[in-house]
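> Model the structure of this input:
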Amino acid sequence: MAEDNNNIELDAENTEINELDNTSRTEAEQQKFESDFALKMVDTLISLNEQNISSYELPNRFFTTDELSCFSLFLRSVPVNPVPVMYPENGFLLFRGVPVPKSVNLTSESLEEIEHILETSVSEDQKKIQLSDMADDMINAYQIATQIYNDRVEKIRATYLANVKNAKTQVMEVSAAVACGFVIILTLASLI
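Next up, the predicted model:
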């Protein structure tokens, strides 16, 4: 009898452990879905900026209208031209240019084109949805995507600014060398 009670207790504990595993597994799957969807939104926007995909392919990258609506809200939240041009992109004289990174520079024209495509892909009810109206998994994916995109923008901006600084240093060094050379030539010419 005592052995049966021990077996019943062990079975009850195993059942509780299995239930906890199922709960954590679904939570882990949920987190994986949210992070995968967030990465998908960021990668889609960057692919659009780099013109790897056209805006007409956009509705085919998302499976549900909720996903399209979430991407539309994400698209409206990202900064337009977060990396402004600070140096000529094309080379001049002896100096090299520094191209502006296109992956995060969303122009207002491309934003309007993408929004137009998204508007034609969703119903009137979906157009009026706010972020707070969306399911929790879409809200979490939106927040993750925003954080990923902002982090990526900051890294790209830092790289661009470092490249601009290097290019400006090159201009200063060459200009100083030319000025020194010119002074030396004038000094030698005045001595002769």
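> Show the secondary-structure elements that the lengthiest helix in the chain is packed against.
In the chain, with assignment by DSSP state H, the single longest helix is helix 136-191. For helix 136-191, the elements it packs on are helix 2-49, helix 65-77, judged by 3 or more CB pairs under 8 Å, 6 or more residues apart in numbering; DSSP states H and E. Where C-beta positions appear, they are placed from N, C-alpha and C, glycine not excepted.
> The ones you listed: lowest mean pLDDT?
Within the helices and strands packed on helix 136-191, confidence is poorest for helix 2-49, with a mean of 66 (mean pLDDT).
> what about residue 162, neighbour count?
Here the count is done by other CB atoms under 10 Å, and residue 162 has 11 residues near it.
> Residue nearest the middle of this structure, spatially speaking?
The central residue of the chain, meaning the one whose C-alpha is nearest the mean C-alpha position (CA atoms, centre = their mean), is residue 149 at 2.8 Å.
> Can you tell me, leaving aside adjacent residues, what's nearest to that one?
Closest residue to residue 149 apart from its sequence neighbours, by CB to CB, 6 or more residues apart in numbering: residue 42 at 5.1 Å.
> Okay, the one you found and residue 141: tell me how far apart.
Taking CB to CB, to the nearest Å as the measure, residue 42 falls 10 Å from residue 141.
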